[in-house]
Structures are given as structure tokens and as C-alpha cells.
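>>> Here's a sequence, model it:
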Amino acid sequence: MIRSTGTYSSPKASQYLQQLCKHFAHKVEVSFDTHQGQVALGSGPASMTATDDHLIVTVTAPDLAALPQARHVIDKHLAIFAHREGFETLVWQEPVEA
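Next up is the predicted model:
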């Protein structure tokens, strides 16, 4: 398994975490509160953490080829919720073996 972590600086981090989790809950298993969330994405699990000013998302994929899709799913959905802030993409770190 390969994992990658992305961050987004926003005072609305908790709000975005909750919106993402509620949205994904329509299709996959999700658990969350105001500061942490777990989402069972098709490509692999995603975990989210909200601090006062950052949203931190870690996605897991079976291999490097599947990782861009996992990142894209998060970025695409967050763009819907954070469009007023001009969101384009999380700042993703280099992938590492999980």
C-alpha cells in the first residue's frame, strides 16, 4: 500500500472535513466528528484531521498507479465546498509505503 498526505490551510478546516465526510457517507462507510474522519474510498482508506487552520488528508492506495485517483477524488470534492476560498488542490507530499 502507498500513502500520501495533503494539507490545505483554512480556518474552515473542520467545516470542510464534516462536509466531505457527510458527502462520502452517501456512498461509502464513513465515521467522523468535528476534528477527525475516516472514509472507506474505493481506492483505499482516507483519514482526515482538522486543526484550527489546516485540513490534513491522508489517502491510501494499493500502488503508485492508483494514488493519483485517490488524490483526485479528495481534491475534486473539496473544490466544490471550498470554491469561495479559491481552492484548487491540497498540497500533497511525496508518497510513501504504508
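>>> counting residues per helix, which one in the protein is longest?
Determined from DSSP state H, the single longest helix within the chain is helix 67-81.
>>> Who are the contact partners of Ile2?
By Cβ atoms under 8 Å, 6 or more residues apart in numbering, the contact set of Ile2 is 60-64, 66-67, 95-98. Placement of C-beta: from N, CA and C, glycine included.
>>> which among those residues end up buried?
The neighbour count (16 or more other Cβ atoms under 10 Å) marks 60-61, 66-67, 95 as buried among the contacts of Ile2.
>>> Which pair in those residues has the greatest spatial separation?
Ala66 and Pro95 (10.6 Å; Cβ to Cβ).
>>> so which helix or strand takes in the residue nearest the centre of the chain?
Centroid-nearest residue in the chain, with Cα atoms, centre = their mean: Val57, separated by 4.1 Å. Val57 belongs to strand 54-61 when assigned by DSSP states H and E.
>>> what is the orientation angle of that strand with helix 67-81?
Put simply, strand 54-61 runs at 150 degrees to helix 67-81, going by axes from the mean of the first three to the mean of the last three Cα atoms, to 10 degrees.
>>> quick one: strand 54-61 to chain centroid distance?
Put simply, strand 54-61 sits 5 Å off its chain's centre (Cα atoms, centre = their mean, to the nearest Å).
>>> So which residues make contact with that strand?
For strand 54-61, the external contacting residues (Cβ under 8 Å, 6+ apart) are 1-10, 13, 16-17, 41, 43-50, 67, 69-71, 73-74, 78, 90, 98.
>>> Weed out the non-buried ones from those.
Buried subset of the contacts of strand 54-61 (neighbour count, 16+ other Cβ under 10 Å): 2-8, 10, 13, 16-17, 41, 43-46, 48-50, 67, 70-71, 73-74, 78, 90.
>>> what residues are up against the closest residue to Gln36 other than its chain neighbours?
In space, and not counting its chain neighbours, Gln36 is closest to Thr49: 5.6 Å by Cβ to Cβ, 6 or more residues apart in numbering. When contacts are counted by Cβ under 8 Å, 6+ apart, Thr49 is found next to 17, 35-37, 55-56.
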